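Asks: build the 3D model from these lines:
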Amino acid sequence: MFDTETLFWGIIFSSIGMGYFIYGKKQQRIAPLVCGIGLMIFPYFSMPKFWFIITGFILGLLPYLLKNR
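Replies: Modelled structure (predicted):
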């Protein structure tokens, strides 16, 4: 079901999600909090590797893009 590359990306994205979650909770900011939860949860859903990586990068960049607005 999972290969090594998918597990590696899942660990990376989940770690970034944990950081966003902690930051969003301490700073009381909704965008990093929600994106952090999304980054921690989405690796559990099986999808093609391309969409897996694209989804992770979008969720990872979303708080930064929303912060500058």
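Asks: CA only for contacts and neighbour counts going forward, please
Replies: OK.
Asks: quick one, what contacts the spatially most central residue of the chain?
Replies: Nearest residue to the geometric centre of the chain (CA atoms, centre = their mean): Leu39, 2.4 Å. The contact partners of Leu39, by CA atoms under 8 Å, 6 or more residues apart in numbering, come to Phe13, Ser14, Ile16, Gly17, Met18, Gly56, Leu59, Gly60.
Asks: could you tell me which of these belong to helices?
Replies: Within the contacts of Leu39, residues falling in helices by DSSP state H are Phe13, Ser14, Ile16, Gly17, Met18, Gly56, Leu59, Gly60.
Asks: okay if I get those residues as JSON lines plus distance to Lys26 and pLDDT?
Replies: Shown next, in JSON lines, are the ones in helices among the contacts of Leu39 (distance: CA to CA, whole Å; pLDDT from 0 to 100):
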{"residue": "Phe13", "distance to Lys26": "20", "pLDDT": "94"}
{"residue": "Ser14", "distance to Lys26": "18", "pLDDT": "95"}
{"residue": "Ile16", "distance to Lys26": "16", "pLDDT": "95"}
{"residue": "Gly17", "distance to Lys26": "14", "pLDDT": "96"}
{"residue": "Met18", "distance to Lys26": "12", "pLDDT": "97"}
{"residue": "Gly56", "distance to Lys26": "23", "pLDDT": "92"}
{"residue": "Leu59", "distance to Lys26": "19", "pLDDT": "93"}
{"residue": "Gly60", "distance to Lys26": "18", "pLDDT": "93"}
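Asks: quick revisit: in what helix or strand does the residue nearest to the centre of the chain lie?
Replies: helix 30-41 (DSSP states H and E).
Asks: dump that helix to CSV, keeping only the CA atoms.
Replies: Presented in CSV, the C-alpha positions along helix 30-41 are these (Å, rounded to 0.1, in the frame of the first residue of the first chain):
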residue,chain,number,x,y,z
ILE,A,30,-6.6,30.3,12.4
ALA,A,31,-4.8,29.7,9.0
PRO,A,32,-1.7,28.0,10.4
LEU,A,33,-3.8,26.0,12.9
VAL,A,34,-6.2,24.7,10.2
CYS,A,35,-3.4,24.0,7.7
GLY,A,36,-1.4,22.3,10.4
ILE,A,37,-4.3,20.0,11.1
GLY,A,38,-4.7,19.4,7.4
LEU,A,39,-1.0,18.6,7.0
MET,A,40,-1.1,16.1,9.8
ILE,A,41,-4.3,14.3,8.6
